[in-house]
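In: Just need the structure, nothing else, for what follows:
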Amino acid sequence: MPQRPRYGRVVLKISGESFAKPGEYGIDPEELALIAREIADAAADGTQIAVVVGGGNIIRGSLLTKQGQIDQSTADYMGMLGTVINGLALREALASAGRDCRLMSAVEIPAVGERFIRARALRHFEKGRVLILAAGTGNPFFTTDTCAALRGAELNAEVLLKATKVDGVYSADPNVDPKAQRYTRLTFSEAIERKLGVMDLTALTMCMENKLPVIVFDFKTPGNIRRVMAGDQIGTVVELPDGS
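Out: Next up, the predicted model:
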């Protein structure tokens with residue numbers, strides 16, 4: 001039975017590492033199928049979903065830049081192409097799961113996907129399609145987290161869902177510090193001041209300025225994407241203070 005979703009429209013951010021087995025690179029068929037199945041099930045409840053994909057499982061531009069052989073701008077464009085590869089894989093997996101979807105890229109690659117245009121994206125929502133947004137913002141020096149914040153504001157999303165492999169935001173790395181505290185709610189200011197690594201500063205500030213709440217949650221638990229869209233208390237909510 002479909003659940004009644006709390007949110008009518010969301011942006012879902014999925015890291016590139018989610019497409020691979022832990023510690024590995026590339027695209028693992030089982031991980032890809034899991035992501036597609038969870039998104040398809042959530043979309044079946046009626047929520048309009050735009051998925052922003054990362055590309056860290058294909059290439060990490062920051063590492064290439066640190067080695068000093070490739071300029072950061074070029075490395076960032078290489079990373080954008082990695083997100084397009086993931087977007088293509090997710091599009092095919094969602095289609096196999098019976099969910100109509102469209103791949104939209106911030107960088108024009110007409111042979112593999114549409115150029116992101118806001119009005120066209122909204123039209124796809126009206127037709128019940130899942131959007132897969134690749135190539136970040138189309139500009140170097142901006143992360144896919146910033147892309148998720150930007151698209152969330154552009155598309156009038158009600159919430160930005162950051163899907164991770166941990167069950168929320170902690171005061172420290174729970175894998176290192178057994179006393180690390182998991183937060184259920186935070187304000188944007190608290191997350192920034194405490195340097196909790198929710199998202200990069202540009203993305204978090206953009207969400208704060210546009211009053212776009214962020215929910216950080218573990219999507220590896222089956223059904224969690226669907227439950228968080230239904231309004232269940234999962235993960236950590238980062239938002240403005242009450243009354244703001």
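
In: so who does residue 128 touch?
Out: With contacts defined as CB atoms under 8 Å, 6 or more residues apart in numbering, residue 128 is in contact with residue 100. Any C-beta I mention is one placed from the backbone N, CA and C, and that applies to glycine too.

In: how about the strands in the chain?
Out: With DSSP state E applied, the chain shows strands at 9-14, 48-53, 101-105, 114-115, 130-134, 159-164, 169-170, 182-183, 185-187, 214-218, 236-239, listed in chain order.

In: Using TSV, lay out those together with distance to residue 77 and mean neighbour count.
Out: Shown next, in TSV, are the strands of the chain (distance: least, CB to CB, whole Å; neighbours: other CB atoms under 10 Å):
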stretch	distance to residue 77	mean neighbour count
strand 9-14	20	25
strand 48-53	16	26
strand 101-105	12	22
strand 114-115	16	15
strand 130-134	13	28
strand 159-164	24	24
strand 169-170	30	22
strand 182-183	35	16
strand 185-187	33	17
strand 214-218	27	23
strand 236-239	30	22
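
In: between these, which gets nearest to residue 22?
Out: Distances from residue 22 to each of the strands of the chain were compared using CB to CB; the shortest belongs to strand 159-164, at 12.7 Å.

In: between the closest one and strand 48-53, how many degrees?
Out: Between the direction of strand 159-164 and that of strand 48-53, the angle (axes from the mean of the first three to the mean of the last three CA atoms, to 10 degrees) works out to 40 degrees.

In: Quick one: the strands of the chain as JSON lines, columns for distance to residue 121 and mean pLDDT too.
Out: Formatted as JSON lines, the entries for the strands of the chain read as follows, by distance: least, CB to CB, whole Å; pLDDT from 0 to 100:
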{"stretch": "strand 9-14", "distance to residue 121": "11", "mean pLDDT": "98"}
{"stretch": "strand 48-53", "distance to residue 121": "7", "mean pLDDT": "98"}
{"stretch": "strand 101-105", "distance to residue 121": "6", "mean pLDDT": "98"}
{"stretch": "strand 114-115", "distance to residue 121": "9", "mean pLDDT": "98"}
{"stretch": "strand 130-134", "distance to residue 121": "6", "mean pLDDT": "98"}
{"stretch": "strand 159-164", "distance to residue 121": "16", "mean pLDDT": "96"}
{"stretch": "strand 169-170", "distance to residue 121": "29", "mean pLDDT": "94"}
{"stretch": "strand 182-183", "distance to residue 121": "32", "mean pLDDT": "94"}
{"stretch": "strand 185-187", "distance to residue 121": "29", "mean pLDDT": "96"}
{"stretch": "strand 214-218", "distance to residue 121": "20", "mean pLDDT": "96"}
{"stretch": "strand 236-239", "distance to residue 121": "24", "mean pLDDT": "97"}
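
In: Including distance to residue 224, could the ones you listed go into JSON lines?
Out: As requested, the strands of the chain are exported to JSON lines (distance: least, CB to CB, whole Å):
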{"stretch": "strand 9-14", "distance to residue 224": "11"}
{"stretch": "strand 48-53", "distance to residue 224": "14"}
{"stretch": "strand 101-105", "distance to residue 224": "20"}
{"stretch": "strand 114-115", "distance to residue 224": "29"}
{"stretch": "strand 130-134", "distance to residue 224": "17"}
{"stretch": "strand 159-164", "distance to residue 224": "8"}
{"stretch": "strand 169-170", "distance to residue 224": "15"}
{"stretch": "strand 182-183", "distance to residue 224": "15"}
{"stretch": "strand 185-187", "distance to residue 224": "18"}
{"stretch": "strand 214-218", "distance to residue 224": "6"}
{"stretch": "strand 236-239", "distance to residue 224": "13"}
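
In: pLDDT wise, what is residue 5 at?
Out: pLDDT, residue 5: 81.

In: Cross-check the contact I'm expecting between it and residue 230.
Out: Yes. With contacts counted by CB atoms under 8 Å, residue 5 reaches residue 230, the gap being 5.7 Å.

In: Alright, that wraps it up for me.
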